[in-house]
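> I would like the atomic coordinates for the input below:
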Amino acid sequence: MKANSLTPILWTEQLSETIEFYTETLNFICGERNDDWGWAALQNHSVEIMFSKPNEHTPFHKPLFTGSFYIVVDNADELWEEFKNKVKVAYAIETFDWGMREFAIYDNNGYMLQFGHEIVE
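This next block holds a predicted model:
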């Protein structure tokens with residue numbers, strides 16, 4: 001098997017608010033939206049995330065995802081300065097022993113998004 005990409009599909013009951021958060025706060029572009037399906041696809045360069053309203057047959061009360069989404073960026077410090085006063089912060093920017101400079105925020109649904117770049121010495 002050769003896997004070419006991974007595109008998460010996250011559930012939200014607040015599709016319009018989620019599109020607004022990702023486009024206005026995180027600089028994503030809404031490439032597609034279908035209100036009949038309750039679905040949208042958002043991109044920022046090579047990163048794509050889809051959002052969908054929960055299936056009516058599946059219980060949904062809050063985000064069920066038990067991890068985070070790690071987005072590798074060119075300069076985490078610049079993004080930190082841009083985002084830190086606009087979002088709920090999970091942890092502030094920091095350089096970690098594993099050679100990454102990163103920070104984490106929560107989106108409007110409570111999903112954790114981490115942003116980082118590799119420290120080159």
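
> Need the nearest residue in space to His117, chain neighbours excluded.
Nearest non-adjacent residue to His117, counting by CB to CB, 6 or more residues apart in numbering: Ala76, 4.9 Å away. C-beta coordinates here come from the backbone N, C-alpha and C atoms, glycine included.

> Distance of the nearest residue to Lys88 once chain neighbours are set aside relative to Ile93?
In space, and not counting its chain neighbours, Lys88 is closest to Tyr106: 4.5 Å by CB to CB, 6+ apart. Distance of Tyr106 to Ile93, given as CB to CB, to the nearest Å: 15 Å.

> ok, the two, which is more surrounded?
Taking neighbours as other CB atoms under 10 Å, Tyr106 and Ile93 compare with Ile93 leading, 18 against 15.

> and the more buried one, what helix or strand is that in?
strand 88-95 (DSSP states H and E).

> What pairs with the worst-scoring helix or strand of the chain on mean pLDDT, parallel or antiparallel?
Least confident helix or strand of the chain, by mean pLDDT, DSSP states H and E, is strand 9-11 with a mean of 93. According to DSSP bridges, strand 9-11 has the following sheet partners: strand 47-52 (parallel).

> for the record, mean pLDDT for the strand it pairs with?
On average, the pLDDT along strand 47-52 is 96.

> Let me see the mean pLDDT of the next helix or strand after that strand.
With elements assigned by DSSP H and E, the helix or strand that comes after strand 47-52 is strand 68-72. Mean pLDDT, computed over strand 68-72, is 95.

> relative to strand 88-95, how tilted is whichever helix or strand comes after strand 68-72?
Next helix or strand after strand 68-72 toward the C-terminus (DSSP H and E): helix 76-83. Per axes from the mean of the first three to the mean of the last three CA atoms, to 10 degrees, the angle that helix 76-83 makes with strand 88-95 is 150 degrees.

> List the buried residues in helix 76-83.
Ala76, Leu79, Trp80, Phe83 (16 or more other CB atoms under 10 Å).
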